[in-house]
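Enquirer: Sequence first, predicted coordinates after that:
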Amino acid sequence: MKPIVTLTEVNKTYHGLSAPTKALQNCSLKIMPSTFSCIIGKSGCGKSTLLNAIGGLIPVDSGSILVKDHELTKLDQRELSRFRREHIGFIFQFFNLLQEQTVMENLMLPFDLNGERVDQAFVNEVIQYLDLNKLVDKFPFELSGGEQQRVSIARAVIRKPDIILADEPTGNLDRENTKQVMNLLKECQAMYSQTIIMVTHDIDLAKRADALIYMEDGQVKRYETS
Ligand SMILES: Nc1ncnc2c1ncn2[C@@H]1O[C@H](COP(=O)(O)OP(=O)(O)OP(=O)(O)O)[C@@H](O)[C@H]1O
């Protein structure tokens, strides 16, 4: 079987206001389809940068990023946004919900943009699973941090993208909700063969994944499968 994600010698330096920061340094990685991988490592080691590079959200300086036969470094902005729409579901640390739209409108937005058919039964199942029934008519600013996070998780999974990229998706959640989210992601992997790539600081959660990606100084230092 071919990997769904292959990074080869990827470099990324941020040129901020102070000194440049090398966030990825000759970073190479392979991820197989339909697997659940967790990226772990110290704060600032490049985890979010790696995730954003795989999702085609940030340009890199050199190297190759092959995702589902798309060489992301060769795509222009329009092609990248199409690639993201068609293949990727993002769950961010900061929820990126549209504040002037209700929870249900936020959930339906990706379908509206793509003109896709809605699998209403699955949408209802996810709403049930994440305990969002009472929240669907509310606006994001009326919700707690944990509730907004659950909505953003629902929004990412209901389109059944090939790859779900999750950056600390349970960082704002209590133990019970964390368990629910992990179970849902695992169910998506099992039922819809989705590939899940998740950044977490929680080593106990990471141990539930199929593969552990240890990052240090912008590189994958160790890769373990369970
Ligand atoms: N937009 C940016 N401009 C300048 N420097 C940045 C930018 N984004 C990240 N960095 C720097 O790049 C390095 C890697 O950042 P990144 O967010 O990928 O780390 P991380 O491992 O996800 O950290 P954390 O666990 O704290 O979220 C850090 O030193 C960070 O300060």
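Expert: Ah, there it is. Bear in mind that the values here come from a model prediction, so they are computed numbers and not experimental data.
Enquirer: near the ligand, which residues of the chain?
Expert: Within the chain, the residues that sit near the ligand (CB under 6 Å from any ligand atom) are 14, 16, 21, 23, 41, 43-49. Just so you know, the C-beta spots here come from the backbone N, C-alpha and C atoms, and that holds for glycine as well.
Enquirer: switch to 5 Å and redo it
Expert: Within the chain, the positions lying close to the ligand (CB under 5 Å from any ligand atom) are 14, 16, 21, 23, 43-49.
Enquirer: Pull the most distant pair out of those residues.
Expert: The span of the residues of the chain next to the ligand, defined through CB to CB, is set by Gly16 and Lys47 at 17.9 Å.
Enquirer: In this structure, which helix is the longest?
Expert: Secondary structure of the chain per DSSP state H: the longest helix is helix 175-192.
Enquirer: what is the mean pLDDT for that helix?
Expert: Across helix 175-192, the average pLDDT comes to 86.
Enquirer: same question, stretch 98-115
Expert: Mean predicted lDDT for stretch 98-115 stands at 85.
Enquirer: Quick check: which ranges of this structure have low pLDDT?
Expert: Residues of the chain that meet the criterion pLDDT under 70 lie in 114.
Enquirer: Nearest residue to Leu29 in space, please, no chain neighbours.
Expert: Excluding the flanking residues, the one nearest Leu29 by CB to CB, 6 or more residues apart in numbering is Leu7, at 4.5 Å.
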